[in-house]
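Undergrad: Fold the stuff below for me.
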Amino acid sequence: MQIGPWSVESGGRVMPFTSSSNCSSSSSDTEHSGEMDVKNPPGATDNPPGGGGVVGVMETEGSSNSTDTPPPPSSPDPPTNTTHTHTNNTNTNKDDTNTNTDETNTTHTHTNNTNTQSHTNNSPSTHTINNNTNNTSPCTHTNDDNNDSTKTHTSSGLTHKNSHHSSLTHKNGSSHNHTNGDSHTPAFSGEIIAVELDQNEANSKPSHQGDNNTVKVNARSQSWLSSISQWIIQEMEDTFEAYGRKVATHPILAITFCITLTLLCAIGSLRFSTELRPYRLWIPQDSEFIRVLDWQVKNFPSSYRQHIVVWEADNILTARAVQEMWRLHKRVSDFSLDNDKISWERVCARVPSLPRHKEPDISDYDDFDFGSLRRRRETPSPNNDDLSLALPRDLYCNNLASLPKLCLETSLLEVWGYDDEVIWGLSDDKVLQDVNTALLSEVYGYKVNFTNYLGSIKFDEAGQITSAGAATHLWVSQIDQNVVDQGDYEVDQGNGQMVDSAGFAWEKAWVDIVLNDTSRSKDVHAFAKAASSFGNVSDGNILGDVKWLMVGIILMSIFVNLTLGRRNLVEQRPLLAIMGMLSVTQAVAISYGVCSVMGVPFCPINSILPMLLMGLGVDDMFVIISMWESAGPGDRIERAGRTMRHAGVAITVTSLTDVTAFAVGASTDLPALRSFCLYAAVGILAVYLMQATFFMAWLVMDEKRLEENRNGLVWFVKHQDWTPSSCSQVDLMKTFFKKWFTPFILSTPVRVIVIFGTGCLVTTSIWATMQLKQEFNPMWFIPSSSYLYKTFQVFTKHFPEAGESGYIYFANVTLPDDLPKLYNFTHNLIDSRVVVSVDAWFTAFQEYMTLMPEAKNSTLTNSLLHDILSVFLQSSSGALYRTDVTVNGQLECHQPAPPITSFRIGITHRPVNTPADQAAALNTIKSLVSSVPIQGYKAAWAQAYSIWETNEIVGYELWRNVVLAWIVVGLVTLILLASFSAAMLVLMCVTATVIGVSGTMWFWGLTIDTVSCIALVLAIGLSVDYAAHIAHGFLAARGTSSKKERAKIALQGAGSAVLQGGLSTLLSFLLLAGSSSHVFITFFKVFTSASILGLYYGLVFLPVMLSLIGPEAYSVVNGDEKLMVTTANHSSHSHHTHINQAFTPDQEPSKLS
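TA: The predicted structure is shown next:
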């Protein structure tokens, strides 16, 4: 309605009047701030509640010229067929309908839903609306009844004529008399951006006071944030409405487009690649570990692969246990595949050997017979075990090639020289005796400390071994590089090595042989770990987890079908549910294809992605269906537009917050986290597109099927004369929220309990979070049910004192000048107390020189160093260091060694368990290495350093990603919600949820690692989804100024969709409880707690806070209310319809109370 230069809009706002082409009115309750007094001339009063105009909006105080004498009746309008409908939806539960029919054949219907009262007036009447093009032209409402009483409002050219019964009766029994003609003239001027009228007293007091002429009006100016946000939302709503109409107009075309897009993107999967190497997943690629590793691969390439068996028994030093080792040795040696192309003899690494019981065929130097040498070695002489020291150099070098070379296999069996007769004749006492006295390998002739092969050792008072709980048994194979160069190889996903196909196949067969215990003694157990085990087990775990995906899809389809449709043959929606799940599958295909084209490798943790997208996709489906049903019956195209106008914004808010959270995560330095975030971001965008297009198109087609009474599953079956049963029309979820949940939660005692309980919950969560430890171990990614996991468990149990081994690399060092500095460096390593042992080639070389008579009194020069080094590296004393020294050329026994280009020394760390100890040990080693006063390259490296460096940065990465995601999500929420206080309440819920999840992690025995870091970022997205819908519903509830009522509207409107989305996410991740993967178990625990806590804070805590300190409702912006007005003169047919639709309530407000 127009008031001078302003017009009253349906939200109770006074806006600058810009058009006089029509005159419409509505009322709604809005909360305001600030007051403005509007003086009215004497005689001013209000329309009765429910009567249109400014009824229930403006409270008039005083009317000195009021009269009880009705003015003369106005003349009746000419005969016309006119339908005049006012629809005003606010937070009410009663309808006031006046239907009046007289000789003019006019039907006048008012639907006015208010908070406190309703009116019933059944009398003939005529309601005429005259709209003029002049701003000063009167707008007249005329209503004639039997009493011919007239009520007139005049305000700057605005006139309402209302003739009716002088006594208006309320349904509650009270009466209300209006017999006077009033006029209102505002006494203020100037430009007003927005003035909102206070309706509190108007809704609660049906009477008018006539003592003064002041109208109280609360005014509030829009902030820049509100203006920008409203413009954004308005543009989004208009865009989505147009998009929904297009999809509904051409559903087949929309479906075809989605399928085509999916197929095109899926082509990118041809470039699909996986990355399973731990150091390529869990550590920044610009870290020192990676730099040293790349240098190592180039300068110290290794072609050897180790395969270990851990034997376990109550006492492994028994005859039966040794015989089981011998039986396994023979089975591995005898095994062959593909006509002996794959066998131990073909793939093994070979080393020179001096047999103990078999004389080599050397007849031309009897003075140096091997039998006498063996006897001399058994004496305490320090040099009697090295032939290079006992024989002349020429003789040793000439016969070096003739020494037998055996496959390298180390175990306790070396004590008895692989002698079948001796081994089968052993007794338990003999085993203990031989192990305690053995010093040399009877197979290879080298010195061996057999105690290193044993774990959980027990000694007697004399220091003799009495028993052991475990023993190691090692096979060493060698890669056939010629075959690899020809392209016949497999890539070991555990470490990235290219292995010849025959060797790779042998490794798999070796594992099967070891694990086959059908003929093994029940008290002796063997646990295997091949070089390729980590990659094979991890890869198999990914494929094995597909079953959880399939079961999840089936269960989610059932859940979606039960909740989307109704319980009868026609209104059930099983095919629509399947199409919704198919849209998620399309999103997965798009994500995989696009990321593969981008060159992003697939990581083990990405296997959780389908279930994540499934939960988010189903959430969007529920929102769309909820808005579709709220749109009411009508033309499908119009209904689709109204649905997408609001559902599009809703799913945009949640999808955009999730995508931004993952976009932040993709900036991390951890490759695994980056890969997952990129896959997830693309997948969520694809889900968003597919739900808005593919699912929406199928929804329109399914609605057409429903209108034709066709079967929900078999569409070509049509049910004649079908009517739904009454029980199938009951929406259990909305009934639960309407009758039980909402009244209970918003009751005063419960609100007090919720606030107090939430404070206790947050306090407990903070305490538990402070107890959370930071720890990361790639071994956790091995399924607990796998053989490899059990091997690591047994090894850790029996060899707890075994520290991490590593190397310190040097290159371009000046030798022998820098040898004194290197000796001093090794002493510093031992003194640092972070290293338990140092194994340096130059230390063994120095001892070797002291045993050479010709070198005892010589000064070590560069030429002498290289001359002795050539023999040393090919002797039993120095052969173990052959791979620790690289030379620029071939090593020949008769010639001095070529120049040394690089070398390494081995170290063994003391056992460290906590990340703090690991960081201290790593920093100590790095400090010692950097302090060595020599030129050239120098760096420390160990396989464990990848874990230690990850532990050092994962805490930083967690804080970085969570804080950045929190900030970005907060900004997006602030812009889209258009309310600072609402955004802060949402972020309060998000923060409480994340703290609660981290506290629950501690209770559940989890630690801070890369997986939990990803899961916590996901928890932010989930909790935002839950809270944002409720907050937006509260802001969009314009029908009442009561915060409690608006919270009630938000809960009853959006609560069911939020709960269904949360339950669907929870259901999809509950299946992960049966997985043996650390990734899946962690996600199950984190997402279960995130879903439960997110639902609590979104559906319980947030509504309570909104009902107490919630912000004001959205202001009405152009286009937010759909006005469809057609005016005509009295001689024509016309329709006047006023429709007010808000964003979130799924039902009309009148049905929510």
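
Undergrad: make it CA atoms for all contacts and neighbour counts henceforth
TA: OK.

Undergrad: what's the spacing between the residue nearest to Gln935 when sequence neighbours are not counted and Gly936?
TA: Excluding its sequence neighbours, the residue lying closest to Gln935 (C-alpha to C-alpha, 6 or more residues apart in numbering) is Val813, at 6.3 Å. The spacing between Val813 and Gly936, counted by C-alpha to C-alpha, to the nearest Å, is 6 Å.

Undergrad: Same drill for these two, tell me which one is more crowded.
TA: Just comparing Val813 and Gly936: by other C-alpha atoms under 10 Å the higher neighbour count belongs to Val813, 18 against 11.

Undergrad: In contact with the more buried one, which residues are there?
TA: Thr901, Ser902, Ile934, Gln935, Gly936, Tyr937 (C-alpha atoms under 8 Å, 6 or more residues apart in numbering).

Undergrad: Following the helix or strand that contains Leu922 in sequence, what is the next regular element?
TA: Element membership for Leu922 (DSSP states H and E) is helix 915-930. Counting by DSSP H and E, the next helix or strand C-terminal to helix 915-930 is strand 937-942.

Undergrad: So for that following strand, what gets flagged as buried?
TA: Lys938, Ala939, Ala940, Trp941, Ala942 (16 or more other C-alpha atoms under 10 Å).

Undergrad: Could you verify my assumption that the fourth one touches Phe289?
TA: Going back to what we said before, that points to Trp941. Yes. Using C-alpha atoms under 8 Å as the test, Trp941 is close enough to Phe289 to be in contact (6.5 Å).

Undergrad: per-residue confidence for the one residue sitting closest to the centre of the chain?
TA: For the chain, the residue nearest the mean C-alpha position is Leu1018 (3.4 Å; C-alpha atoms, centre = their mean). At Leu1018, the predicted lDDT confidence score is 77.

Undergrad: quick one, what contacts it?
TA: Contacts of Leu1018 (C-alpha under 8 Å, 6+ apart): Asp658, Ala661, Phe662.

Undergrad: okay if I get the residues you listed as JSON lines plus secondary structure?
TA: Listed next are the contacts of Leu1018 as JSON lines, based on DSSP: H, G, I helix; E, B strand; the rest coil:
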{"residue": "Asp658", "secondary structure": "helix"}
{"residue": "Ala661", "secondary structure": "helix"}
{"residue": "Phe662", "secondary structure": "helix"}
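
Undergrad: State the pair within the contacts of Val813 that is farthest apart.
TA: Thr901 and Ile934 (14.7 Å; C-alpha to C-alpha).

Undergrad: Check the burial of the closest residue to Gln481 other than its chain neighbours by counting its neighbours.
TA: Once flanking residues are discounted, Gln481 sits nearest to Asp500: 7.3 Å by C-alpha to C-alpha, 6+ apart. Counted with other C-alpha under 10 Å, residues neighbouring Asp500 total 23.

Undergrad: Asp500 is in contact with Val484, isn't it?
TA: Yes. Asp500 is within contact range of Val484, at 5.3 Å (criterion: C-alpha under 8 Å).

Undergrad: can you give me the strands for the stretch 251-400 of the chain?
TA: Here the stretch 251-400 of the chain has its strands, by DSSP state E, counting those that start in this stretch, at 304-312, 336-337, 342-343, 350-352.
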